[in-house]
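**Student:** here are the coordinates; sequence isn't available:
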């Protein structure tokens, strides 16, 4: 066993005989060495190679590592049921409908971080089980207390590469993991606006009515999403336009684009015999069917070319700007099970277990490639992901809907290089709906999914009545409330975009658990219902029917020298850090806090983002010595920023006045115009 | 691949390289050849050996078998969530709290039967997955309909023995499986009476009060069960009597016995350092702890001798008549997980996966051996079981409590040689409680478990109030109702005992799904909420808050020549078979039906079964040409019946009068006295 340095602050140890088909070995895109080199020097690896204990068994390969008595463990991807993983068992197994805290997830990731300031990635596409200090080995004298360690069992393999990510802090380890993954994704600017998905029963008339609705009512909306019905067949998929329902494909797509929306199309990858490329893909598919369709082996370049080629020509070149990739997880908890068996054989040599782990990532890559080829950025949705996915332009979603679970998933997503949307579908009441809206607009993806309903949910929360067009009497008030929240989202776009640029540049996740930011503060170890949204905002959402809640305000030092407090976003009141407070949260308020010494840029909300949109910004300087804030200015549309075609717009507040400085001014246009400054709490 | 005949109607095919540690290879007790030979000649094996397709992969071993278009599949042990398994995936993985229809169960069994009249046992202790026609392989022309087959994936092995059980009927296959397992268990007669488990907070005073209660109120009760508190330590277990709480062990045990009860003690097998044999067992235990205790390797004779020796000397020889074996399943759906990891290593060479599958069976064997050594029959409870368990004197139970799931488990139990109790704990109302009581007294095990409450649940259903001794005002009426149901149970004892004797003699399960009895009748394929209780009774339970239900009455031919109908147990009305009826079920009625041409012996209820109890029986002859009914007469106490020390008491009705004939009269005593005859529906 030899520890090999892979990049600055990243080491690999090869244990046993690793497999060939693993996330790292199948990766595309490259390690962001230049960004890693910018990070503080990490010193030595978190573990010596001699500390790893391994064992080969009939079941697979076991790795054991010691854990400290007070060490806390976070990560494992999109976990909905638990947060701090110490004492728990997590099996990283892809599944659509996890019903218990087993580790099963749409996007399980064999990566964890520790409050001791390191990260561990086990490079496997197997359903590895992580026993995070849940069990002690029998040894030593009875009764003598010993801290249990981390035990990892990787089934069906004779070994694995383990990657270690240095700190010194847990967040540094996460950044290194994200940079190792290729850096975080920077979505196109329009994708940060509001998304609306239309009814699964939509026809031409409904689509046109909904397209008109948002504009008529001045409700911001950037993306119009279609559910299955655009195709002639959807379970499995034909990928053929349903001209019975929508006679003129190009006309309707142009109509939507002309109204300022980007079009997103639902699909999944199980391919119906009616699909034009069905015969060609047969030798490139797995040997078990799903819904009588073929399962593409997206690890094969030929398969990807076939799938992407068709989608590019027939859909993207007609104006489609993104896709929703459904059903790419698995289905062990569903009756009957629908996804391919774990023992399915694929022509690449992968089996169903490996393919389930990788399917979401491979599918995302296939579809993202269509846009990259055209130097167009996209943002889509995907129901599955796995390791090393930070750079992929997809946001996870689910058919589950518990609000608490959705928020826990959001808070956890930042540990593993994932984006997640706590999407809004419907609710039992307008109040409940508004609580969902408040959460989603302060997440990476402001998505309302009306797939079940003919009218937006705020016009009628009851699904049956909604579909009979029996709208609520007080729907205009609800509409006004929703518009207000969507406008808040739109005003946050430059701020969000700047933070996502940091995700790309430095690997700092947009959504961060309090424990990720303040791992030394024990009180943060159990808080899974608050998150940092970028560097300057902290969100403390309210779950219906609550109208107040406890909020923990950490000692917010780190953004400036004496900084240790927060400002209430709504009242501007300064609140000292290092304590929990009770806050009232009437229906029209989500508890939201600005970190002391933050400059928060808020834009005048636009209805939708165009290629030439210029944001008119008011810069709000909170605290006595605000740290500069850097906006990221580029075309918001292409990948040219990757070649340096961007400008850093530095907002600073010194000597009682604000200043705007453009650094690295390599983007020729202007996206941001600072029209006013405000100083709060000086 | 060679098909080898193992016994009459049973074949083995060795596929790949089977493992050594499997249910069949670790079996004890012998195949019941003499009983198998009594069955109708089976002809040839259900499959030719050439029909098996197998494949060795990195994950394990795959076996494929064809399935007919209309073939229905049942079995896989104690499944709670589904009944007809066609189209489903079942993983036979031991788990305490399955939350979805995954196959996980307290007692999963890698055995299934088909409506085509055969059974298949895959001899593995691995978590095998059975895809019961849920997926089609890709082959042939697209769109051409092909029936999907059975795909079995056994992880972590290079092969397995598959045992085939001939029909001609599905029930024949089940009987052969049970006889291959050693034959069904015949419990001691007292174990068929009512069981009551006392509060987990019980002290000497409460135990004495409860012991007195049943006798004072003339409520039948045969077994008094203790929960954890008899021990000084219970998580993990010390197995030491808690003399703080119960100062004189022998005195209290004698007191209970003197009042006519049998004592049953709760425990589990995870052994606390305080246990007297802790040090001795350390080299005989697994290498991971549970609750800081050791996990015994019960596959080792030394370990069994240690554990059984202590229990025999200290508890059984003091009068304890049985044990409740808790926590012997596994805990994947619990947070945190408590049972030993799947990768635990045991000194026998078993790993945690194999041990989880076998742990319940091995623990049962260990404990059953204590009693067999003393020629005493026992019946205990166990929370886990697996293949070939039919002859073990244990009834399964659960901490789950959904009434519908409990009844589905009951109906499924008969496919796999298991006994199960839909135990009564508490309820939201007296009506709900009575519905539970009605189900449980018509099951193998009439158990009320008051572990959470100080007073029997019918005195107060609210747990908190019950524990404050705030009893219901109308508790006496509830008590009267419960007494009535318990008396019905006691009147059924000779009937139940006779049917369990058939389980032992011929392998016919006591509890049978309608599909098991009438597999040719498609309507039975989905009925999981009715069961046959022995040959003559059909139970159609009511789940609160229903007060009526649909009951399917099959064409009940088979018990006599023209037999095709049923009698309502309560009204004695004759009901033609082959149709569904709506029945009213007021709170004081559970729909219960007697098969036409059945002689049903009902006893005058006793309070408890003594060694010399003689049952006074009224024989009820239903229909025009009742088939004889055979009572099983023995000491009801020892294993002497296995050496032939029993008498068959044949009740027949011919020429307008009943007759009692004693056949094989090798039991010297008399247990049954027929005091009256009644003829119904002549």
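**Tutor:** The structure has been received and is ready for your questions. In this text, all values refer to a predicted model and were calculated from it rather than measured experimentally.

**Student:** do a quick rundown of the helices in chain A.
**Tutor:** A:33-38, A:170-180, A:204-216, A:249-258, A:278-281, A:301-314, A:352-373, A:403-413, A:430-440, A:463-467, A:475-491, A:493-506, A:514-517 (DSSP state H).

**Student:** nearest to residue B:124 among those helices would be which one?
**Tutor:** Shortest separation from residue B:124 across the helices of chain A is recorded for helix A:352-373, at 18.4 Å, computed as C-beta to C-beta. C-beta: built from backbone N, CA, C; applies to glycine.

**Student:** which other helices and strands contact the closest one?
**Tutor:** Based on contacts counted as 3 or more C-beta pairs under 8 Å, 6 or more residues apart in numbering or on different chains; DSSP states H and E, the elements that helix A:352-373 packs against are helix A:301-314, strand A:320-325, strand A:380-382.

**Student:** between these, which one is nearest to chain B?
**Tutor:** Across the helices and strands packed on helix A:352-373, chain B has its closest neighbour in helix A:301-314 (14.1 Å, C-beta to the nearest C-beta).

**Student:** now the closest one: average pLDDT?
**Tutor:** Per-residue confidence for helix A:301-314 averages out to 98 on the pLDDT scale.

**Student:** what's it in contact with?
**Tutor:** Contacts of helix A:301-314 from elsewhere in the structure, counted by C-beta atoms under 8 Å, 6 or more residues apart in numbering or on different chains, are A:239, A:241, A:269, A:276-277, A:280-281, A:284-285, A:296-298, A:323, A:362, A:365-367, A:369-370, A:373-374.

**Student:** now those residues: which count as buried?
**Tutor:** For those, burial is judged from neighbour counts taken by 16 or more other C-beta atoms under 10 Å in any protein chain shown, and it is met by A:239, A:241, A:269, A:277, A:281, A:284-285, A:296-298, A:323, A:362, A:365-367, A:369-370.

**Student:** spell out which parts of the stretch 51-200 of chain A neighbour chain B.
**Tutor:** With C-beta under 8 Å from any C-beta of the partner chain as the criterion, the stretch 51-200 of chain A meets chain B at residues A:57-60, A:62, A:81-82, A:87-89, A:97, A:99-102, A:129, A:131, A:134-138, A:142-143, A:151, A:153, A:155-157.

**Student:** so residue A:452 is in contact with residue A:425, correct?
**Tutor:** Yes - the pair residue A:452 and residue A:425 passes the contact test of C-beta atoms under 8 Å, sitting 6.7 Å apart.

**Student:** ok, those two, which is more surrounded?
**Tutor:** Neighbours around residue A:452 and residue A:425, counted as other C-beta atoms under 10 Å in any protein chain shown, are more numerous at residue A:425. The numbers are 18 against 15.

**Student:** for the more buried one, which non-adjacent residue is spatially closest?
**Tutor:** Of all residues beyond its chain neighbours, the one nearest residue A:425 is residue A:449 (5.1 Å), with distances taken as C-beta to C-beta, 6 or more residues apart in numbering or on different chains.

**Student:** can you give me the distance of the one you found to chain B?
**Tutor:** In this structure, residue A:449 and chain B are separated by 24 Å, where distance is defined by C-beta to the nearest C-beta, to the nearest Å.

**Student:** may I have the beta-bridge partners of that residue?
**Tutor:** Under the criterion DSSP bridges, residue A:449 forms beta bridges with residue A:197.

**Student:** quick one: contacts for it?
**Tutor:** Taking C-beta under 8 Å, 6+ apart as the contact definition, residue A:449 lies against A:197, A:225, A:397, A:423-425.

**Student:** where strands are concerned, which of these count?
**Tutor:** Secondary structure of these is defined by DSSP state E; positions in strands are A:197, A:225.

**Student:** could you dump the contacts of residue A:449 to TSV with pLDDT?
**Tutor:** Compiled in TSV, the contacts of residue A:449 are given as follows (pLDDT from 0 to 100):
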residue	pLDDT
A:197	98
A:225	98
A:397	98
A:423	98
A:424	98
A:425	97
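
**Student:** please, a ChimeraX command that selects the buried ones among the contacts of residue A:449?
**Tutor:** Written as a ChimeraX command, the selection of buried residues from those, which uses 16+ other C-beta under 10 Å, is:
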select /A:197,225,397,423,424,425
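
**Student:** what's the closest of the contacts of residue A:449 to chain B?
**Tutor:** When these are compared for distance to chain B (C-beta to the nearest C-beta), residue A:397 wins out at 20.8 Å.

**Student:** do you know how far that closest one is from residue A:383?
**Tutor:** In this structure, residue A:397 and residue A:383 are separated by 6 Å, where distance is defined by C-beta to C-beta, to the nearest Å.

**Student:** kindly report the same for residue A:481.
**Tutor:** Look at residue A:481 and residue A:383: by C-beta to C-beta, they are 30 Å apart.

**Student:** higher neighbour count, the two?
**Tutor:** With neighbours defined as other C-beta under 10 Å, residue A:481 and residue A:383 compare such that residue A:383 has more, 23 against 19.

**Student:** touching, the more buried one and residue A:328? I think so.
**Tutor:** Yes - the pair formed by residue A:383 and residue A:328 meets the contact definition of C-beta under 8 Å, at 5.6 Å.

**Student:** what sits in contact with each of these two?
**Tutor:** With C-beta under 8 Å, 6+ apart, residue A:383 and residue A:328 have common neighbours residue A:360.

**Student:** who in the stretch 301-450 of chain A is up against chain B?
**Tutor:** For the stretch 301-450 of chain A, the residues found near chain B under the criterion C-beta under 8 Å from any C-beta are A:332-337, A:340-343, A:345, A:351, A:353.

**Student:** try 6 Å
**Tutor:** A:333, A:335-337, A:341, A:343 (C-beta under 6 Å from any C-beta of the partner chain).

**Student:** out of those, what pair is the most spread apart?
**Tutor:** Spanning the widest gap among these are A:335 and A:343, at 19.5 Å by C-beta to C-beta.

**Student:** between those two, which is the more surrounded one?
**Tutor:** Using other C-beta under 10 Å, the more surrounded residue of residue A:335 and residue A:343 is residue A:343, with 25 against 15.

**Student:** quick one: contacts for that one?
**Tutor:** Taking C-beta atoms under 6 Å, 6 or more residues apart in numbering or on different chains as the definition of contact, the neighbours of residue A:343 are A:352, B:62, B:153.

**Student:** again, only this time at 8 Å
**Tutor:** When contacts are counted by C-beta under 8 Å, 6+ apart, residue A:343 touches A:351-353, B:57, B:59-60, B:62, B:129, B:151, B:153.

**Student:** ditto for residue A:106
**Tutor:** Residue A:106 makes contact with A:78, A:94-96, A:329, A:360, A:383-385, A:396, A:398, according to C-beta under 8 Å, 6+ apart.

**Student:** now do residue A:524
**Tutor:** Counting by C-beta under 8 Å, 6+ apart, residue A:524 makes contact with A:513-515, A:517-518, A:552, A:554.

**Student:** let's go with 6 Å and repeat that
**Tutor:** With contact set as C-beta under 6 Å, 6+ apart, residue A:524 has these partners: A:514-515, A:518.

**Student:** before we move on, what about residue A:176?
**Tutor:** Residue A:176 sits next to A:9-10, A:165 when contact means C-beta under 6 Å, 6+ apart.

**Student:** what of residue A:179?
**Tutor:** If a contact means C-beta under 6 Å, 6+ apart, then residue A:179 has A:32, A:35-36, A:507 as its contacts.

**Student:** in those residues, find the pair that's most separated.
**Tutor:** With distances taken as C-beta to C-beta, the most widely separated pair in the contacts of residue A:179 is A:36 and A:507, at 8.5 Å.

**Student:** so between the two, which is more surrounded?
**Tutor:** Shown here are residue A:36 and residue A:507; by other C-beta under 10 Å, residue A:507 has more neighbours (27 against 22).

**Student:** can you map out the strands along the stretch 101-250 of chain A?
**Tutor:** Chain-ordered strands for the stretch 101-250 of chain A, with DSSP state E, counting those that start in this stretch as the definition, fall at A:108-114, A:118-123, A:129-132, A:150-155, A:158-166, A:194-197, A:223-226.
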